[in-house]
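>>> Can you look at this prediction? I've put the sequence above it.
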Amino acid sequence: MFEEQYSIEQNERFFDLIDRYTSDRNDLDIQLMVRKLYDFARSNPDPNGWLEMIVSQYDVTEDSSIDSLPFLSFLLQEVTTQLMGIESILKQGLELTKLPGGPAPRAVNAEEDLAQIHRLISASKHSFADLHEEMQNLNFTRLKPCKGEAYDSQLLDDFGELRKKLKQVLKNFMLICFLGLCMATWLILRK
């Protein structure tokens, strides 16, 4: 199928797709994506009907808002799930602060971080715009100092690693949300 598409002159839509979703070296990633989509479609009772339904999800008008896009509910659902995973990481960190020798002063950091995640979860249940606005307000405070022999160095390291993991997961999460917003905006503006 790809060879056939490459051989068609002036096949701008196909070449645009290839330029957007492949590396400069090869198109294996998009071929794999098409194969997975094909295999998944075949697992449905009506493969062609399912594929047409998926395509219709991207048919929007100029006056469409981002929150009215049919696939946005799926994106927000995934966002909420990811945020709940982040919440779980934070709760682990908070538990570390309560252990004997744990970094008790850092409980304040964990609680502040949890409050931010709860605001993101709440916003994700309302609209993409609310979620985006709340993401702009993310701010991680400097870790409270824990010096001296009263604190277990392993627990301090564990808390630091959890917070580092949290920040990386949130960074990836924000990238996914940004890409979702870009895709939604592109769909509306391309009409």
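Thanks, I have the structure now. Numbering: from 1, shown residues only.

>>> so is Asn26 in a helix, a strand, or just coil?
coil (DSSP: H, G, I helix; E, B strand; the rest coil).

>>> Run a quick neighbour tally on it.
9 (other CB atoms under 10 Å). (Each C-beta comes from the backbone N, C-alpha and C, glycine too.)

>>> and Pro145, what does it touch?
Going by CB atoms under 8 Å, 6 or more residues apart in numbering, Pro145 touches Pro105.

>>> What does it show for phi and psi?
phi -70, psi 140 (degrees, to the nearest 10).

>>> ok, so what distance separates it from Leu90?
Pro145 sits 20 Å away from Leu90, going by CB to CB, to the nearest Å.

>>> Would you state the helices of the chain in chain order?
2-7, 12-21, 28-42, 47-56, 72-98, 107-124, 128-136, 153-189 (DSSP state H).

>>> For Glu62, find the nearest of these.
For the helices of the chain, the distance to Glu62 is smallest for helix 153-189, at 6.9 Å, taking CB to CB.

>>> Point out where this protein drops to low pLDDT.
58, 60, 64, 66, 176-191 (pLDDT under 70).

>>> Okay, buried residues for stretch 129-149 please.
Asp130, Leu131, His132, Glu134, Met135, Leu143, Cys146 (16 or more other CB atoms under 10 Å).

>>> Could you do stretch 99-118 as well?
If you call a residue buried by 16+ other CB under 10 Å, then stretch 99-118 has these buried ones: Gly102, Pro103, Ala104, Arg106, Ala107, Asn109, Ala110, Asp113, Leu114, Gln116, Ile117.

>>> Thank you, goodbye.
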